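Participant: this is a predicted model, with the sequence first.
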Amino acid sequence: SSAGIFELGPDEAMIISVPVAGVPYQGFQLGSMWYASLDYVHHQTSLTADQAHATSDGMIHLVVTDRDPGLANWVETLGHTEGIMQFRWQRIDAPITPDLGPTVRIVPFDALADEVPGYDELRVTPEQWRERIAARQEACAHRRLS
């Protein structure tokens, strides 16, 4: 795993780019400074590689911000200006070296269209976003029943 702390202002966004590792599980999540998970049932505060949209460059480009950028890989901070962020990989064959690990940049929110690689590939409509959240809610409900 790899963990860190985020600190974002209201007009900032963090772009995290990471290669698709091709392992059984690769995931990212946000939490409070107390390591409590943010509301992952009703909001997209975490993403696995299977849930994320990989762009044509073979990368997952996550956008961490409080405001909706209209992108599939938006990870919501839910009003938190600081907190923890964590990547996890399971059953890897070799260490996660710097070229396989995440890179991070903080940019102005209004510059996302110019700063996010594959921005046009990641665009989603409000209806598509609602479908993503509904699928998340259904998966969480199913998981709690099993």
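Facilitator: Nice, thanks for sending it over.

Participant: now for the helix or strand hosting residue 26, which elements pack on it?
Facilitator: Using DSSP states H and E, residue 26 maps to strand 25-31. Under the contact criterion of 3 or more Cβ pairs under 8 Å, 6 or more residues apart in numbering; DSSP states H and E, strand 25-31 touches strand 12-19, strand 46-48, strand 74-76, strand 82-90. In this view, the C-beta of every residue, glycine as well, is placed from N, C-alpha and C.

Participant: any idea which of the ones you listed is most buried?
Facilitator: strand 74-76 (a mean of 23; mean count of other Cβ atoms under 10 Å).

Participant: before we move on, back to that, in the strand holding residue 26, what counts as buried?
Facilitator: Using 16 or more other Cβ atoms under 10 Å as the test for burial, strand 25-31 gives 26-31.

Participant: same question, stretch 104-117
Facilitator: For stretch 104-117, by 16+ other Cβ under 10 Å, it's 107, 109, 112, 115-116.

Participant: among those residues, which two are most distant?
Facilitator: 109 and 116 (11.1 Å; Cβ to Cβ).
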